[in-house]
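Undergrad: next input, structure requested:
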Amino acid sequence: MATELEQRKIDYGRECTKLPARTARTEKIFLKIWGLDHSHLQAKNVEVPPTGCTVADALAMDDDELAQMNEAIAAITASASYSHEKPSSQGKQYTAFAPLSSQHWTKHTGIRFRHTLWKLETFNYLAPFSMNALVFLANLTSEEVAACKANAMTGSLPYCPPGKPSFNPTILKFPMLSSLDHTKCEHTTPVMWQKKIKTTPEVDLKGLRKCWNVGRPYLRCRCATERKDCGADPIWVDPAIWYLLTHPDTLFPNITSIKVKMSTFIHFLHVSWKPAIEACLTLMFIRQFMTDAILALEKDANLTAESVIGRENWKYNTTITIGRVLLPTRITGNPRVRARNSPNNQGGAQKRQRNNFPIVVSPRQRVLPFEPRIGQQERDAMNQPRDKPRQDRRGEEEQRNPRADGSPPNAELMGDRGLHNMAIGVRQNGPSTRSMSVAGKSSS
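TA: This is a model prediction of the structure:
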């Protein structure tokens, strides 16, 4: 256990040292794609500061003392090399938006803010829950987990306005937002909504910072509908649950035992707050697509909105939408029908047009020309001639299967169905006994 904790501390210090440079590179990529100013990131110092002792030769220190000194230097450098608070944007452009940190970094850094994760330098960080932790908290079955994944793939959000109701627990109500943050609403109890997945985001800095939270559940007060709007901002559901797990006295101030408080809260997560946990799990599946897109752009910054999500995910609506949300100026159209758009396959054009995923763009979005990469099998299928007309097929059938006397069958008397059945019988069983007897009489 001690070795594992020591390794986590080393990994955290290494991530604190490298995270600013990686964040600057990633944000520069997205700012260029969105056509926004990124000059403030070009001159940003991304050098890694030295963490080793530079005066070891001048002091008589043994190995243990030197190791202790290097550990102290590394810890102080790691904590000072990355600013966790929201800096003032006065006089400069502030663009922190990329959620690149690990769960351990988010959990460890949130301790400085008493686990109020929404106060970090960007509001895009998820609470450091693993999927197994969410399944345990709500006692989810495998069918319920599969339903959450299906909702993430199809974009079916059950609490997404407009047209869908909000979620309000029936037994244990959500606490006042002011009990989580004194700057939030203190007048009405909140309800849960899910952020809509917009296909046409505003192509500006505000839209870039907000697009990472599509599908995310949040708590909002009901002042706008029950009284005058207070104007307070909402709180994401996953950081709120994380805060309540670390401060259970917020919900149960009259219970003295910490064990009883935690057990009671987990009970209501099983019974009353299960839809909130399911919404958080759905968000984790959606955010995974975004993380994969970031990793792909770090390897190749020239990817398009469709190629960044991977060909294996083209069959899902949400993945295509997320690619267009993150890269709104590199939309190439619907990738599902690229290999079938050939001059030799025009019969189902209207049907494909009805089933195409719609391309809706805002004034600043652009649709790029797309050149499909067609493999050899698709190319061979495209070059094959179309099916011959029915009359030509019937002519070929008559040539292959003449009657016993050498004359073609009378199509007018037999009809198309009789001709077809006779041809099949001749091919499979040879000439019948009746036809052979008729042929013998005619020859005699």
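Undergrad: just the strands in the stretch 151-300 of the chain please.
TA: 191-194, 217-220, 235-236 (DSSP state E, counting those that start in this stretch).
Undergrad: quick one: V191 and L219 touch, right?
TA: Yes - V191 is within contact range of L219, at 7.3 Å (criterion: C-beta atoms under 8 Å). Placement of C-beta: from N, CA and C, glycine included.
Undergrad: what sits in contact with each of the two?
TA: Jointly contacting V191 and L219 under the rule C-beta atoms under 8 Å, 6 or more residues apart in numbering are F174.
Undergrad: tell me which of the strands of the stretch 151-300 of the chain sits nearest to D11.
TA: Of all those, strand 235-236 sits nearest to D11, with 25.7 Å by C-beta to C-beta.
Undergrad: picking that back up, look at V191 and L219 and report which has more neighbours.
TA: Neighbour totals were compared for V191 and L219, and L219 leads with 25 against 19 (other C-beta atoms under 10 Å).
Undergrad: got a list of what the more buried one touches?
TA: Applying C-beta under 8 Å, 6+ apart to L219 gives the contacts 174, 177, 190-192, 234-237, 240.
Undergrad: tell me the buried residues in the lengthiest helix in the chain?
TA: If each helix of the chain is counted by residues according to DSSP state H, the longest one is helix 2-33. For helix 2-33, a neighbour-count test (16 or more other C-beta atoms under 10 Å) marks 9, 12-13, 15-17, 19-20, 22-31, 33 as buried.
Undergrad: please apply the same query to stretch 232-241.
TA: Per 16+ other C-beta under 10 Å, stretch 232-241 contains these buried residues: 232, 234-241.
Undergrad: quick check: end-to-end length of that stretch?
TA: End-to-end distance of stretch 232-241: 19 Å, with C-alpha to C-alpha, to the nearest Å as the criterion.
Undergrad: outside of that stretch, which residues touch it?
TA: Counting by C-beta under 8 Å, 6+ apart, 116-118, 123, 125-127, 129, 137, 177, 180-181, 183-185, 190, 192-193, 213, 216-221, 223, 269, 273, 276-277, 279-280, 283 sit against stretch 232-241.
Undergrad: could you rerun that using 6 Å?
TA: Under the contact criterion C-beta atoms under 6 Å, 6 or more residues apart in numbering, stretch 232-241 has outside partners 117-118, 126-127, 177, 180, 184-185, 216-220, 276, 280.
Undergrad: for L297, give me its contacts.
TA: Shown in contact with L297 (C-beta under 6 Å, 6+ apart): I29.
Undergrad: pLDDT wise, what is it at?
TA: L297 is assigned a predicted lDDT (pLDDT) of 92.
Undergrad: that one and L36: what is the separation?
TA: In this view, L297 and L36 are 15 Å apart by C-beta to C-beta, to the nearest Å.
Undergrad: can you give me the helices in the stretch 151-300 of the chain?
TA: Along the stretch 151-300 of the chain, counting by DSSP state H, counting those that start in this stretch, helices occupy 177-180, 205-210, 223-226, 237-246, 258-271, 274-299.
Undergrad: which stretch among those helices comes nearest E143?
TA: Across the helices of the stretch 151-300 of the chain, closest to E143 is helix 274-299 (C-beta to C-beta), at 11.6 Å.
Undergrad: between the helices of the stretch 151-300 of the chain, which one is closest to A98.
TA: Ranking the helices of the stretch 151-300 of the chain by distance to A98, with C-beta to C-beta as the measure, places helix 274-299 first at 7.1 Å.
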